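Student: here's a sequence, model it:
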Amino acid sequence: MASVLLQVMSRRLLLDMLAPPNIPQSHPVQMTEAEYLVFEAQNENKHEFVNGDVFAMTGASVRHNLVVNNVVTALVNQLSEKNCLVPSNDTRLKVESKVSYRYPDVMVICDKIQYVDERVDTIRNPIVIVEVLSPSTALVDRNQKLDEYTQLSSVQEYVLISQDEHKLERFLRQDDQNWLYTKISGLEGMLELSSIECQLSAQAIYAKLDLLGDTNESGQT
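Tutor: Numbering: from 1, shown residues only. Below you'll find the model as predicted:
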């Protein structure tokens, strides 16, 4: 156990050098799954684990957080009478088929939560996952995470929300192999989340973004 902790501490120093706060990590640090879990428990910052590679998560912008909060508010209000909950985005998700640990922006869990190895900070059975696209994460959200999340048998819908335009995208499970893609554009758009009988309106999702000015997440106007 001491040798594992020593390895984790040395890799933690290396990770801090490779990934200062708010700077995308270009070279992930390799760890075993056990080392990652020990490392993450001792670290204030969040990191994702993908098949042996550990990636530092960059800090989110005010715009990103506002969109996430708007989605959470809309879902919590509609799910108040249902046996579903929306945990905080500090809740970790394990995708066992891909050996990955992620921190989705928003998850909806219905019925009983399934914890991973009795860890109350890690779950395995969301029914809906939402990611708010950022310049540094859009490709991963659209490709790698799409592949991972659709491997989870519990997941029925995966939603992508753009920040620099009024666009909502949804992948809806049809069966084990097929997913239906839907794109909603414009502020008048409404996305139906049929698996939880909820709606996400573009107006609610993008509410109050005008208070932030015209600056997008990349800092450009």
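Student: now for the protein, the helix or strand with the poorest mean pLDDT.
Tutor: helix 2-18 (a mean of 47; mean pLDDT, DSSP states H and E).
Student: beyond it, next helix or strand please.
Tutor: Using DSSP states H and E, the helix or strand that follows helix 2-18 in sequence is strand 29-30.
Student: do you know how far the spatially most central residue of the chain is from residue 123?
Tutor: The centre of the chain sits closest to residue 104, judged by Cα atoms, centre = their mean, with a distance of 1.4 Å. Remark: distance between residue 104 and residue 123 (Cβ to Cβ, to the nearest Å) = 10 Å. C-betas here are computed from N, CA, C, even on glycine.
Student: overlap of the contact sets of these two?
Tutor: Contact criterion Cβ atoms under 8 Å, 6 or more residues apart in numbering; residues shared by residue 104 and residue 123: residue 93.
Student: now the phi/psi pair for residue 142, please.
Tutor: phi -80, psi -20 (degrees, to the nearest 10).
Student: residues contacting it?
Tutor: For residue 142, the contact set (Cβ under 8 Å, 6+ apart) comprises 133, 160.
Student: could you check how far it is from residue 85?
Tutor: Distance of residue 142 to residue 85, given as Cβ to Cβ: 27 Å.
Student: re the thing from before, SS state for the residue nearest to the centre of the chain?
Tutor: The three-state assignment at residue 104 reads coil, by DSSP: H, G, I helix; E, B strand; the rest coil.
Student: right, I'll leave it there.
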